[in-house]
Each structure stands twice: as structure tokens, then as C-alpha cells.
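> need a 3D model of the following:
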Amino acid sequence: MYTGERGVMNKVISADGTPIAFERFGSGRPVVVVGGATCDRAKMREVSERLAHHFTVINYDRRGRGDSGDTAPYAVQREIEDLGALITEAGGTVSVYGHSSGAGLALHAAAHGLPITRLALHDPPFVPAGEQERAAREQGRQLRTLLEQDRRGDAAALFMTWTGVPSEAVAQMRGEPWWAGLEAIAHTLAYDSEVMGDISRGGTIPADQVGRVATATLVVNGGACPAWMIDAGRRIADGIPGGRQIVLADQEHVVPPDLLVPAIADFLAGRRHPD
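Here you go, the predicted model:
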């Protein structure tokens, strides 16, 4: 656990005028942490504090979450601009760690040409072509419909079942005190769906974006994750010049920070280049 000064919430203004809340930890080379679906900066704070033993860490609320603002209509480009504003705040160049659909957003940003010197993509959940591609499109459409009807609780429940939580357990979760917080940011599930290209591309790997990434990239996968996710990580690493994949044995989609950070710290610090 990071034992230095606690991060104080600050804000930057993105290109469309949306305030983006962030906190800063530690010292050294700057690293921006990008959370996945349903994650605000509170959920990413533990890994941020662990990274702060080695770096200056920017931990932020993606738009529509926590203390950040939200401006309609949504577009992935707006989230790229949010990252651009944070990079400017951090001094002009950063490394980026992204988890899950946050890794998908980080990939978009690197392909767009933001000044990212090192890119760590953790379990980007791109699916293979075929049955899972068709399922991703259908799920994306279902999610969009529920949110258009302002059925946030149902949208959050649908997302939880996609992640493998049994429907009976989801029904119990809906009675928990913390569920209201999940419903409050449920509309951002559509943002993650768009980042991952669920409707437009069936959630498959965006080969055109991968081909535009010139940033040194490390793809991290949990060894206990589904084989298709590990294979997607390999294909992304293979598609980026000098890209490298590491698989953390016996780890699932969420890796304890004390195991994750040592696996990526040397790379993010520039002490090791992908093989």
C-alpha cells in the first residue's frame, strides 16, 4: 500500500468543456491509469497507490463517473480528448496502464497518436469472430435499448450476467446498498460498449487501430482467464511492432496489485522493452 501523501482531487477541462476529475499519487515518471466498465477512480485507487511506489500516478474518473462531468452526445473521440487533457496536465508525455475496456480505450488513444511512451494493456476483452461476435452485437443492442428506456438497474444487471455472475446472485445484488452507486453510472456501460465496438464491429480486435500503434506495448493477461481473451492479447501484441505479451499464471481478470505491479513496473519505467 502506498503510504505517501493521499491524492487530492483536481480537475482538468477536456476539449468539449467537460471537467475530468483526477488525483495524483507518488513521484517519478507519469503514468495514467484507465479503469474499465463500472470503474471510477475509487475502484482503481488500490492499484494506483501501489504504482505510486514507482511513478507519479494520475488516477481519474472517466466521463460520466465519480466527480467528472458528462457532455452529450457521447463519442469515443471525447474520451481520447479527456486523456489528452490529462497528459497535458502530467507534463506532455505519459505511460498508460489500462484494464479491461479501459485497455480498449488506451489502445484507441495510442492509435490516435497521443504522446504515450509506454502502453500496458491488461486483459482487453476483444472477442473472436463467429458466435461471440454475434453475441456481442446483440448484447450491445440490448444494453442500448435498456438505457434509452432509462432502465439503468436492468442495464447494470444485464452487464453483470455477461461477466458470468449467475442471475440469482445478480437479483440479490440489486438489494445491496452499493447497487444504487452502480445504477448511477450504468449509462457509461454504453460508453464502454462503444469503445469495444460491440455493435459496430462485434467486439472483435480493431486491426486497423492495432496497426497504427507505434508505442512500446506490453499486453498482460491472466492465465486463468478464458482462452479467447488470452489469444486476443497475443494477437494484439503480435500486431504491434515490438509488442510483447505476458501471462500471469493462475490469475483471473482482476489481479491483486501486489502481483500486477511488479509484472509491469520495469516496463512502464522504460527499463525493459518488449521482446
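
> so which residue is smack in the middle of the chain?
Centroid-nearest residue in the chain: Gly102, 1.2 Å away (criterion: Cα atoms, centre = their mean).

> report the secondary structure element holding that residue.
Using DSSP states H and E, the element containing Gly102 is helix 101-112.

> contact partners for Ile20?
By Cβ atoms under 8 Å, 6 or more residues apart in numbering, the contact list for Ile20 reads 11-14, 60-63, 68-69, 82, 85-86. Backbone N, C-alpha and C define where each C-beta goes, glycine included.

> tell me who's in contact with Val165.
Contacts for Val165 (Cβ under 8 Å, 6+ apart) come out as Met173.

> in three-state terms, label it for me.
Recorded secondary structure, Val165: coil (DSSP: H, G, I helix; E, B strand; the rest coil).

> from Leu158, how far out is it?
11 Å (Cβ to Cβ, to the nearest Å).

> same question for Ala224.
Using Cβ to Cβ, Ala224 is found at 24 Å from Leu158.

> repeat for Gln139
For Gln139, the distance to Leu158 - Cβ to Cβ - is 7 Å.

> in stretch 115-132, which residues are buried?
For stretch 115-132, the buried set under the neighbour-count rule, 16 or more other Cβ atoms under 10 Å, comprises 116, 118-128, 132.

> sorry, that was for stretch 103-113
For stretch 103-113, by 16+ other Cβ under 10 Å, it's 103-112.

> cool, stretch 151-158 as well?
152, 154-158.

> please apply the same query to stretch 179-198.
179, 182-183, 185-198.

> start to end distance for that stretch?
25 Å (Cα to Cα, to the nearest Å).

> would you turn the buried residues of stretch 103-113 into a markdown table with pLDDT?
Below are the buried residues of stretch 103-113 laid out as a markdown table (pLDDT from 0 to 100):
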| residue | pLDDT |
| --- | --- |
| Ala103 | 98 |
| Gly104 | 98 |
| Leu105 | 98 |
| Ala106 | 98 |
| Leu107 | 98 |
| His108 | 98 |
| Ala109 | 98 |
| Ala110 | 98 |
| Ala111 | 98 |
| His112 | 98 |
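
> now these in JSON lines, with distance to Thr93?
Shown next, in JSON lines, are these (distance: Cβ to Cβ, whole Å):
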{"residue": "Ala103", "distance to Thr93": "19"}
{"residue": "Gly104", "distance to Thr93": "21"}
{"residue": "Leu105", "distance to Thr93": "18"}
{"residue": "Ala106", "distance to Thr93": "15"}
{"residue": "Leu107", "distance to Thr93": "18"}
{"residue": "His108", "distance to Thr93": "18"}
{"residue": "Ala109", "distance to Thr93": "13"}
{"residue": "Ala110", "distance to Thr93": "12"}
{"residue": "Ala111", "distance to Thr93": "17"}
{"residue": "His112", "distance to Thr93": "15"}
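
> strands of the stretch 101-250 of the chain, start to end?
116-122, 216-222, 244-248 (DSSP state E, counting those that start in this stretch).

> nearest to Ala37, of these?
For the strands of the stretch 101-250 of the chain, proximity to Ala37 was assessed by Cβ to Cβ; strand 116-122 is nearest, at 13.4 Å.

> gap between the closest one and the chain center?
How far strand 116-122 lies from its chain's middle: 11 Å, per Cα atoms, centre = their mean, to the nearest Å.

> could you shift the numbering so residue one becomes 31, and keep it that way?
Sure, I'll start counting at 31 from here, so that last one is strand 146-152.

> export it as CSV, just CAs?
What follows is strand 146-152 as a C-alpha-only set of coordinates in CSV (Å, rounded to 0.1, in the frame of the first residue of the first chain):
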residue,chain,number,x,y,z
ILE,A,146,2.1,7.9,-24.9
THR,A,147,5.6,6.5,-24.4
ARG,A,148,4.7,3.1,-22.8
LEU,A,149,1.4,1.3,-23.0
ALA,A,150,0.3,-1.6,-20.8
LEU,A,151,-2.9,-3.3,-21.9
HIS,A,152,-4.4,-5.6,-19.2
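
> now do the buried residues in the longest helix that the chain contains.
Determined from DSSP state H, the single longest helix within the chain is helix 161-178. Within helix 161-178, the residues that count as buried by 16+ other Cβ under 10 Å are 162-163, 166-167, 169-170, 173-174, 176-177.
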